[in-house]
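S.K.: sequence first, then the predicted structure, then my questions.
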Amino acid sequence: MKTTSSLLENAPVLLRDWATAFLPARARWFADSLIDIVAILAVFGLLFAFLTLAERKILGRVQNRPGPNRAGWFGLLQPFADGIKMLTKEDVVPAAADQVLHFLAPVVLLAFSILTFAVIPYGRNLVPLDLDAAVVFFFAASSSTELAVFMAGWASHNKYSLFAAMRALAQLVSYELPLLLSVVPVALATGTLSTTGIVAAQAGWKWGLVPRWLVFTPWGAAAFAVFMVSALAESNRSPFDLPEAESELIAGHLTEYSGFKYALFFMAEYFGMCALSGMAVTLFLGGWQAPLPALEFIPSYAWFAVKLLALLSGFIWIRATLPRLRIDQLTRLAWKLLVPLALVNLVTAGFWELSAGWQGAHQPLRWAVAIVLVAGPALLLGRSLGSGIGPRTYRYA
Amino acid sequence: MFGTGLLQGLAVTAKNFAGSFLVRERFVTTQYPEERTKLPEAYRNFPFLVSESHDDPLGTLRCVACQICEKECPPQCIYIEKSRDKKPDANGKMQIYPAIFDIDTAVCMSCQICVEVCPFDAIKMDQVFEIAVTNRFDGLMLDKHALAKPNEYFHSIHPTEAAEVDGRLAASRRAAEEKARAAAAAKAGAKPAVPGPPPPTPGAQP
């Protein structure tokens, strides 16, 4: 791996070291961590603000309208106007609600979703917490957010909120499995659970042209697809936004929340989306690696940002397109398609690693076997996915 | 092949997204206070009083205070008081005019019955919609100063109807002149018929 030592590349770390240089060694570690936390909160807080704007703008354009364009230039001040509105709203807590849990739910949700940001490598040497089991930590924290959703639903003492909480748990049980199973081959192939290690394993280019990102292997592409579908469900985004299905459940677990607590829920949703996209970038899209050797002069964190924004706009695009699934369709998709595909993918990844030494004429054979192993089960399972759930027939008394 | 439906859907939304930037006709939203759409000709809301002259809208009202509209108005939002004197109308004939003509737009239901019954084509439907006021009693009560609008304005909002009304009025005016001339000729016998002074010019034709 070539190490670039350009000033721009190392600017964030240099800046932090310069700011804390005068402190003694022990206090310095603490101050460095604090600066990391502030930087993450500032960057992702602003990203959240402008992501809401971008989402509304893109949804508007898809529906052939301009989206918010009144507050500031092209509506750029809209997120701040929304923030002020949320802050000045009355915070209503239902009399029958569990006061403590009702207050804790948005806090816990946000805390867990911020925790997930700790282990993502944002650039070369830019990882706040370089854990050996970073992937495990990430999924432990991100799946705990569903617990907070359940807290919110239960504490509100409202039947719609409770339905939302039940759906959130059903979704968690269904989608946590394919999400984790799609990550297992990555650990298998790279031999590490550390996110920096996974990014380092994807360095370099084949023939100096094709990056060695995991998504460019047959099993990697399949795992990436399964991961992204599960990530959609995990972050409660459309078409899997069943817990807050506004046409069925008012606002689901958000029904009894108002003012800034409501804003916190939204912030947590977008943070979760950003964290899962960041993890997908790290696991499958080579993290902060540049796609071409010639483009390495652009700082690594810029590449990470580009990939992250691309995935996030994908999320928004899907939200603009697909209608919401029913709960039975949602669980059917998880158990009958994603889980088997992720399991078969383990075998494919194993084969791919075993056949790593094949040379010459064996190389096309290796690709053919791997592609058949990926596409065959997907086609077979996809065909049987819709069987047995034809159009419903309603019988009237 | 499963999944093709999803891709088709994504293609449709992508096409709409790009099209909203590229194709002007797709982008149907009007940025209202800055730009306005032309209202359709058939759009109507509240009545106004047509007057012949742009310069003196109150002096040349077509209304002769016959009070038919006041009597026909289902919600009774029109209040008229006749004048005690008479003024020459568009045809030069002496007519009563409305001393007070009030329409309470808080009560008006925009049914257009006053327009249907008016024999003088003096009251027509307007197209104003930015009429929000802070006082719902006085602010929504329109008197004849607010209601009187020249015939040119009528032409600008309902061109077809205005042209038809103008034609009808001109025809009746011609018929009246013919009749007067014939009567004068019959009465005077030997005397040469002298045409009366030309009537005040009606509103400009479009």
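M.R.: Yes, it's here.

S.K.: ok, residue 47 - contacts?
M.R.: You didn't say which chain, so I picked chain A. Going by C-beta atoms under 8 Å, 6 or more residues apart in numbering or on different chains, A:L47 touches A:270, A:274. From N, CA and C alone the C-beta is placed, and that goes for glycine too.

S.K.: meant chain B, my bad for not saying
M.R.: Counting by C-beta under 8 Å, 6+ apart, B:P47 has contacts B:103, B:108, B:112, B:114-115, B:123-126, B:147.

S.K.: out of the residues you listed, which are buried?
M.R.: Buried residues within those, counting neighbours by 16 or more other C-beta atoms under 10 Å in any protein chain shown: B:103, B:108, B:114-115, B:123-126, B:147.

S.K.: of these, which belong to strands?
M.R.: B:103, B:123-125 (DSSP state E).

S.K.: could you pull out the strands for chain B?
M.R.: Going by DSSP E, chain B shows strands at B:47-51, B:78-88, B:94-104, B:123-125, B:141-142, B:148-150.

S.K.: who does the helix or strand hosting A:A170 touch, helix- and strand-wise?
M.R.: Following DSSP states H and E, one finds A:A170 within helix A:159-190. Applying 3 or more C-beta pairs under 8 Å, 6 or more residues apart in numbering or on different chains; DSSP states H and E, we find helix A:159-190 packed against helix A:134-155, helix A:195-201, helix A:218-234, helix A:246-249, helix A:259-284, helix A:327-333, helix A:339-354.

S.K.: where does pLDDT dip in the chain?
M.R.: Reading this off chain A. Residue ranges of chain A with pLDDT under 70: A:1-5, A:386, A:388-390, A:397.

S.K.: wait, chain B
M.R.: In chain B (pLDDT under 70), the answer is B:1, B:90-91, B:190-206.

S.K.: ok, now how distant is the most centrally placed residue in it from chain A?
M.R.: Geometric centre of chain B, nearest residue: B:K124, 3.7 Å, by C-alpha atoms, centre = their mean. As for B:K124, its distance to chain A is 35 Å (criterion: C-beta to the nearest C-beta, to the nearest Å).

S.K.: point out the most buried one among the strands of chain B.
M.R.: Of all the strands of chain B, strand B:47-51 has the most neighbours on average by mean count of other C-beta atoms under 10 Å in any protein chain shown, namely a mean of 25.

S.K.: distance from that one to the middle of the chain?
M.R.: 5 Å (C-alpha atoms, centre = their mean, to the nearest Å).

S.K.: what's the answer for stretch A:167-183, then?
M.R.: That offset, for stretch A:167-183, works out to 13 Å (C-alpha atoms, centre = their mean).

S.K.: swap in stretch A:143-163?
M.R.: 21 Å.

S.K.: could you do stretch B:45-61 as well?
M.R.: 9 Å.

S.K.: and for stretch B:2-14?
M.R.: 51 Å.

S.K.: close to chain A, is it?
M.R.: Yes. Using C-beta under 8 Å from any C-beta of the partner chain, stretch B:2-14 comes into contact with chain A via B:2-3, B:6, B:9-10, B:12-14.

S.K.: JSON lines for the residues you listed, including distance to B:T29 and neighbour count?
M.R.: Formatted as JSON lines, the residues of stretch B:2-14 next to chain A follow (distance: C-beta to C-beta, whole Å; neighbours: other C-beta atoms under 10 Å in any protein chain shown):
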{"residue": "B:F2", "distance to B:T29": "37", "neighbour count": "14"}
{"residue": "B:G3", "distance to B:T29": "33", "neighbour count": "11"}
{"residue": "B:L6", "distance to B:T29": "28", "neighbour count": "13"}
{"residue": "B:G9", "distance to B:T29": "23", "neighbour count": "15"}
{"residue": "B:L10", "distance to B:T29": "24", "neighbour count": "16"}
{"residue": "B:V12", "distance to B:T29": "20", "neighbour count": "13"}
{"residue": "B:T13", "distance to B:T29": "18", "neighbour count": "20"}
{"residue": "B:A14", "distance to B:T29": "20", "neighbour count": "14"}
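
S.K.: alright, calling it a day.
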